[in-house]
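1. No letters, just coordinates:
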């Protein structure tokens, strides 16, 4: 993902991601730089599910930046 400021990413995530659990996951990934494995452990999802969620939202978020 291209480099955007944390405040830009947080703004877009807040605006376009309604699910609070997904918002938290996306903050961890795109604002804090956590790995899929780290996120999965913290929120009790599989790393594959975390990766799928991130990929699903990535293009949507970028299009709004």
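-> In hand now; what should we look at? Please read all numbers here as calculations on a predicted model, not as lab measurements.

2. quick one: the helices in this protein?
-> 6-16, 20-30, 36-43, 47-63 (DSSP state H).

3. and the closest residue to residue 27 other than its chain neighbours, how many neighbours does it have?
-> Nearest non-adjacent residue to residue 27, counting by CB to CB, 6 or more residues apart in numbering: residue 13, 6.3 Å away. All C-beta atoms are positioned from the backbone trio N, CA, C, and that covers glycine. Residue 13: 21 surrounding residues under other CB atoms under 10 Å.

4. Not counting sequence-adjacent ones, nearest residue to the residue at minimal distance from the centre of the chain?
-> Nearest residue to the geometric centre of the chain (CA atoms, centre = their mean): residue 26, 1.7 Å. Nearest non-adjacent residue to residue 26, counting by CB to CB, 6+ apart: residue 13, 5.0 Å away.

5. Hmm, that neighbour is touching residue 25, no?
-> No: applying CB atoms under 8 Å as the test, residue 13 and residue 25 come out as separate, 9.7 Å apart.

6. Who are the contact partners of the residue nearest to the centre of the chain?
-> By CB atoms under 8 Å, 6 or more residues apart in numbering, the contact set of residue 26 is 13, 17, 53, 54, 57, 61.

7. For the fourth one, which non-adjacent residue is spatially closest?
-> This means residue 54. Sequence neighbours aside, residue 29 is the residue nearest to residue 54 in space, at 5.3 Å (criterion: CB to CB, 6+ apart).

8. Could I get the pLDDT score of the one you found?
-> pLDDT for residue 29: 96.
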